[in-house]
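Novice: Give me the fold of what follows.
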Amino acid sequence: MALKQLLSLTRRSLTVPSSIPQHGFARFFSNSSPQYIVKVGIPEFLNGVGGGVETHVAKLESEIGELHKLLVVRTLKLKKLGIPCKHRKLILKYAHKYRLGLWRPRANTVKS
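Specialist: Residues are numbered from 1 along each chain as shown. Now for the predicted structure:
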């Protein structure tokens, strides 16, 4: 009895619903990404991170200069610049996500 139920459940789960395309691949992306990708600098990056990190824009732009240098900076360098621990953790967390391509700061949309 249990074997028959198990077989019927597996047969039901193996049938392809009509909403999935016939070639077998489901759609793994969304169209919600912005059409125009804005060039990201240190101010845009820190504004995207949020959490009060944007207060350090001037300091980081003068000391580090470019975004690609900020993406590989170590915590000790940020500590020497006087950035608090909570903000250092946020910067490093989002820098890692940005390097992996898992996160991008949102582009500011102009409301008309």
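Novice: residues touching residue 82, list them.
Specialist: When contacts are counted by CB atoms under 8 Å, 6 or more residues apart in numbering, residue 82 touches residue 59. Heads up, the C-betas are built off the backbone N, CA and C, glycines and all.
Novice: Checking it next. Helix, strand or coil?
Specialist: coil (DSSP: H, G, I helix; E, B strand; the rest coil).
Novice: and the biggest helix by length in the chain, what does it pack onto?
Specialist: The residue-count maximum for a helix in the chain (DSSP state H) belongs to helix 85-100. For helix 85-100, the packing partners by 3 or more CB pairs under 8 Å, 6 or more residues apart in numbering; DSSP states H and E come out as helix 42-49, helix 75-80.
Novice: do that again at 10 Å, thanks
Specialist: Other elements packing on helix 85-100 under the criterion 3 or more CB pairs under 10 Å, 6 or more residues apart in numbering; DSSP states H and E are helix 42-49, helix 67-70, helix 75-80.
Novice: Export the ones you listed as a markdown table, with columns for mean neighbour count.
Specialist: Putting the helices and strands packed on helix 85-100 into a markdown table (neighbours: other CB atoms under 10 Å) gives the following:
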| stretch | mean neighbour count |
| --- | --- |
| helix 42-49 | 19 |
| helix 67-70 | 16 |
| helix 75-80 | 14 |
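Novice: and of those, who's closest to residue 103?
Specialist: Comparing the helices and strands packed on helix 85-100 against residue 103 with CB to CB, the closest turns out to be helix 42-49 (8.1 Å).
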